[in-house]
Structures are given as C-alpha cells and as structure tokens.
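Enquirer: any chance you can model this:
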Amino acid sequence: MSDSHVCVGVISGAYGVQGELRVKSFCAVPSDIENYSPLTDEAGNRNFALAILRPIKTGFSARLPEVATKEEADALRGTKLFAHRDQLPSLPDDEFYHADLIGCDVFDTGGVLLGRVKTVQNNGADDLLELQLSGSSTTTFLPFTKAAVPTVDLATRRIVADPPEGILPDAAPTATDG
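Expert: Got it, this is the predicted structure:
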C-alpha cells in the first residue's frame, strides 16, 4: 500500500452466523475506524463500507453490505483495513502513525546504526519497535518510550535510540592477551 494509506484495523473473522464480522481497530479511539469508511484492502482493490454494530471482547461486531453469511465473513479473516491518510487526524509532535515508523533507520546515541524498524507491535502495554539488526537476520524489540527512543525524525527517516541494557544481543567476545 502506498504512503497515502494507513492500516487502521483488521478483520478477525466471523461473529455469529448471520454474516457479522469481528473487527479489531488500531485507532487511538477504536470506534473511529467506522468514520474512515470506505476502507480498502492492502492492495487497494476492494472497498469496505464498514458499519460497527456493537463492541465485543476483541474489538467490534461489524457489518459489510456485501457479506451475508458466516462463510463469507470467515473468508475475509486477516484482511487488513486501510484508510486514506488525509482522512486521519493530525498527530501531536510526540505521536506517530505506526506506518511512518516502519523502515526508519535506528541509530544509538553515538551515531552507530543499530538496524531498521521492521514492525511496530502493541500487545496491550507500550508500543514495541521490532528492529532488524544491522548486518544480521536477528531482530529484537525496543520499547517505544521517550527514555528508550528520545528522537524520531520522520523527515530524515531516522530514529535515535538509547536501548535499555539487555535489549541488544551481546557483541561476540573478543580474544584478549593473557
């Protein structure tokens, strides 16, 4: 998807047997996902006129006009929902859309490249930046807090991090003269 779209939610599957969907919202105010309709799929090939019916434990029960059965709803499981960026609210200086952080280079406070942001995860507490470590296939998670990430410069796609001890894998031991 292009930079003009932001992932605002995902269809988790069917809810009941009448074609209702389970939808997980990634919006700061979860019910705002409905305000960005029509949403699109990741490729931009399908439009979804999402209507929220009620909150449920894992997000919302919702309806799409073209979905009438449980099987049709289940077929959409895993479909990411995207909104046009110009529909989304402006953010304060210290808040960022996850899509804007992915792909940014991450440097330590001394200017050494640590890696690149692969994904942004949120499992209920603070956001975590998944870093693909420089020169390695290894990834690690960096807390996305002001202490661990003091600087984010989206214009240069550069993040300065001060990772807590133990976050980065230890460097290979070096030989010492005995």
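Enquirer: who's I56 bridged to?
Expert: Note on I56: beta-bridge partners G59, judged by DSSP bridges.
Enquirer: touching, it and V23? I think so.
Expert: No: when contacts are counted by CB atoms under 8 Å, I56 is not listed as touching V23 (9.1 Å). Where you see a C-beta, it was placed from the backbone N, CA and C, and this is true even at glycine.
Enquirer: so which of these two has more stuff around it?
Expert: A count of neighbours by other CB atoms under 10 Å puts V23 above the other of I56 and V23, at 31 against 14.
Enquirer: give the buried residues for the helix or strand bottoming out on mean pLDDT in the chain.
Expert: Within the chain, no helix or strand scores below helix 98-101, which has a mean of 86 by mean pLDDT, DSSP states H and E. Neighbour-count burial for helix 98-101 flags H98, A99, D100, L101 (criterion: 16 or more other CB atoms under 10 Å).
Enquirer: redo those residues as JSON lines? Include distance to V160.
Expert: As requested, the buried residues of helix 98-101 are exported to JSON lines (distance: CB to CB, whole Å):
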{"residue": "H98", "distance to V160": "18"}
{"residue": "A99", "distance to V160": "20"}
{"residue": "D100", "distance to V160": "16"}
{"residue": "L101", "distance to V160": "13"}
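Enquirer: contact partners of stretch 141-150?
Expert: 94, 101, 106, 109, 120-121, 126-131, 159-164, 167 (CB atoms under 8 Å, 6 or more residues apart in numbering).
Enquirer: direction included, what does the helix or strand containing L131 pair up with?
Expert: L131 belongs to strand 127-133 when assigned by DSSP states H and E. Note on strand 127-133: by DSSP bridges, its sheet partners are strand 113-122 (antiparallel), strand 139-143 (antiparallel).
Enquirer: quick check: next helix or strand after the last one?
Expert: The first helix or strand that comes after strand 139-143 along the chain, using DSSP H and E, is strand 151-153.
Enquirer: for the next helix-or-strand element following that following strand, which positions count as buried?
Expert: Following strand 151-153 in sequence order, the next helix or strand is strand 158-161 (DSSP H and E). Buried residues in strand 158-161, counted by 16+ other CB under 10 Å: I159, V160, A161.
Enquirer: list the residues that contact the first one.
Expert: Contacts of I159 were listed using CB under 8 Å, 6+ apart, and they are L101, C104, D105, V106, F107, V117, L129, V149, T151, V152, D153.
Enquirer: so where's this structure shaky on pLDDT?
Expert: 1-3, 124-125, 170-178 (pLDDT under 70).
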